[in-house]
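**Q** Return atomic coordinates for the entry below.
(one chain, ligands or ions: 3)
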Amino acid sequence: MDNLRIDGDRLWQSLMDLAQIGATAKGGVCRLALTDVDREGRDLFVRWAEEAGCTVKVDAVGNIFARRPGRNPDLAPVMVGSHLDSQPTGGKFDGAYGVLAALEIVRSLNDLGFETERPVEIVAWTNEEGSRFPPAMMGSGAFAGEFRLEKVLATKTVDGPTVGEELKRIGYAGPEPLGGRPVYAYFEAHIEQGPILEAEERPVGVVEAIQGIRWYDVTITGMEAHAGPTPMEVRKDALLAAAKMVEAVNATALAHPPHGRGTVGEFRIMPGSRNVIPGSVEMSIDIRHPDADALAAMDGELRSALERICDAAGIDGRIEQIWYSPPTPFDAGCVAAVRRAAERVGEPFMPITSGAGHDAKYMAQVCPAAMVFIPCKDGISHNEIEDATPEDVATGCAVLLHAVVEKALETT
Ligand code: GLV
Ligand code: MN
Ligand code: MN
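**A** Ligands and ions are numbered 1, 2, ... in the order given. Okay, the predicted model is just below:
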């Protein structure tokens, strides 16, 4: 165990090479799930994994598994990975880091001629971001039995095609059955996507839990009318009500400090004409809290705010929760393995709760799981300026390596 190390330069170079696929002018990445650039990113990862001697398999929702054998093929694998898709204005690290850190582990074990008892399986999950096809963490959720295959394949994007159609089109509708096989442990490395590690000057976060998330679709329906002749007091302006609802989402999150979060990220105004009073608005809501009861209270507050706003305006408001990801504590044994790994690597670390959702959330439902965080610059992600240092990238990967190897040497 003492000679275990990774090649930080090689990992950094691979991250920069992958970031060329879907590169944006501002230095970020736009590699939306199941687009042509997603296919290119997947193809490059598959090539690298095969060059590293892995056997690559793809399942029915396009999750990619690249396996390095262990001494005992009958033992369930240690799985390690993340996702290759990005947000529309995404960065180079969100997701890609976790997949390529896993690849670097395999490459390093190869270099060292290090044999594990269990297979080590790199995974690249489909559509973690949920930005083109909601909800987020779709591939891992399907693997964990949370989402039915038919429902996943039928999920439509606003621009038309379904997940099933896009998987076929890009050649990643694989033959492997979905989930239903034992995984011994799951680890995922990721940038923190928040400011804590940087502020505390700790290059490693030992992630103990993921906070809860609720996603909603809201439709507010008023009445279109002429912008000129219609007096202000008789209007049924859907946008005006929606604007008050945006304010209410913000107020709800602020009413649950310091952890409450509330975001309206999508907004569509119909008919969208300068001289027509908006007849209807569709908007998304994302609320988060590490405590399930607090998140449920926020849910109630949002619903009554919508009712109050719409009743006062005499218009119709509907809210539908389309996704609930409850707060998830990680497995104590895997968290301890990450802590021991951080001690071995010898860099400062601290416990942390994840503010973002991750594929590890759904994996935690089917096997022991935990995560390793590294800082990102100014805590910014889901932005093209997302950044991390080569040193922190290497440190996090070294921690991941030690945790994975510890579990992959266990035979019982
Ligand atoms: C995933 O990126 C999420 O936290 O929404
Ligand atoms: Mn991510
Ligand atoms: Mn993300």
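**Q** Contacts only, for Glu320.
**A** Glu320 makes contacts with Tyr216, Asp217, Val218, as judged by C-beta atoms under 8 Å, 6 or more residues apart in numbering. C-beta here means a position set from N, CA and C on the backbone, and glycine is covered the same way.
**Q** Which positions are bridged to the last one in the beta structure?
**A** So that's Val218. For Val218, the beta-bridge partners under DSSP bridges are Met283, Ile319.
**Q** which residues touch it?
**A** Counted by C-beta under 8 Å, 6+ apart, Val218 has contacts Ala242, Met245, Glu282, Met283, Ser284, Ile285, Leu306, Gly317, Arg318, Ile319, Glu320.
**Q** What does the pLDDT read for the last one?
**A** In this prediction, Glu320 carries a pLDDT score of 98.
**Q** do the third one as well
**A** On the pLDDT scale, Glu282 is placed at 98.
**Q** same deal with the first one?
**A** In the predicted model, Ala242 carries a pLDDT score of 98.
**Q** just the second one next, same as before
**A** Model confidence at Met245, given as pLDDT, is 98.
**Q** how about stretch 96-114: buried residues?
**A** Residues 96-109 are the ones in stretch 96-114 that count as buried (16 or more other C-beta atoms under 10 Å).
**Q** I'd like to know which elements the top helix by length along the chain is packed against.
**A** Looking across the chain with DSSP state H, the single longest helix is helix 292-313. If you count contacts as 3 or more C-beta pairs under 8 Å, 6 or more residues apart in numbering; DSSP states H and E, helix 292-313 packs onto strand 212-221, helix 238-254, strand 280-289, strand 316-325.
**Q** CA atoms only: put the second one into CSV for me.
**A** Output of helix 238-254 as CSV, limited to C-alpha atoms (Å, rounded to 0.1, in the frame of the first residue of the first chain):
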residue,chain,number,x,y,z
ALA,A,238,-49.5,35.4,-15.5
LEU,A,239,-46.0,36.9,-15.6
LEU,A,240,-46.7,39.3,-12.8
ALA,A,241,-47.9,36.4,-10.6
ALA,A,242,-44.9,34.3,-11.7
ALA,A,243,-42.5,37.2,-10.7
LYS,A,244,-44.1,37.2,-7.2
MET,A,245,-43.6,33.4,-7.1
VAL,A,246,-39.9,33.8,-7.9
GLU,A,247,-39.7,36.2,-5.0
ALA,A,248,-41.5,33.7,-2.8
VAL,A,249,-39.0,30.9,-3.7
ASN,A,250,-36.2,33.1,-2.6
ALA,A,251,-37.9,34.1,0.6
THR,A,252,-38.7,30.5,1.4
ALA,A,253,-35.0,29.5,1.2
LEU,A,254,-34.0,32.6,3.2
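**Q** The stretch 1-150 of the chain against ligand 2: which residues are in contact?
**A** Contacts of the stretch 1-150 of the chain with ligand 2, taken as C-beta under 5 Å from the ion, map to Asp94, Gly95.
**Q** where are the low-confidence patches of the stretch 1-150 of the chain?
**A** 1-2 (pLDDT under 70).
**Q** Going along the chain, name the strands of it.
**A** Secondary structure of the stretch 1-150 of the chain, counting by DSSP state E, counting those that start in this stretch: strands at 55-58, 64-68, 78-83, 120-125.
**Q** Give me the neighbour count for the residue nearest to Glu266 when sequence neighbours are not counted.
**A** Nearest non-adjacent residue to Glu266, counting by C-beta to C-beta, 6 or more residues apart in numbering: Ser284, 4.0 Å away. Look at Ser284: counted by other C-beta atoms under 10 Å, it has 17 neighbours.
**Q** separation between Ser284 and ligand 1?
**A** 11 Å (C-beta to the nearest ligand atom, to the nearest Å).
**Q** Check Ala297 too.
**A** Computed as C-beta to the nearest ligand atom, the Ala297 to ligand 1 distance reads 21 Å.
**Q** Kindly state the domain boundaries assigned to this structure.
**A** For the chain, automatic domain parsing gives the domain ranges 8-211+327-408, 212-325.
**Q** Would you mind finding the most buried of the ones you listed?
**A** domain 8-211+327-408 (a mean of 21; mean count of other C-beta atoms under 10 Å).
**Q** Can you tell me how far the residue lying closest to Ala154 once chain neighbours are set aside is from Asn3?
**A** Excluding the flanking residues, the one nearest Ala154 by C-beta to C-beta, 6+ apart is Thr162, at 5.6 Å. Distance of Thr162 to Asn3, given as C-beta to C-beta, to the nearest Å: 49 Å.
**Q** what does Met245 give?
**A** Taking C-beta to C-beta as the measure, Met245 falls 58 Å from Asn3.
**Q** Please apply the same query to Ala49.
**A** Distance, Ala49 to Asn3, by C-beta to C-beta: 24 Å.
**Q** Helix, strand, or coil at the residue of the chain most remote from its centre?
**A** Most distant from the centre of the chain: Pro229, at 48.0 Å, with distances by C-alpha atoms, centre = their mean. Judged by DSSP: H, G, I helix; E, B strand; the rest coil, the three-state class of Pro229 is coil.
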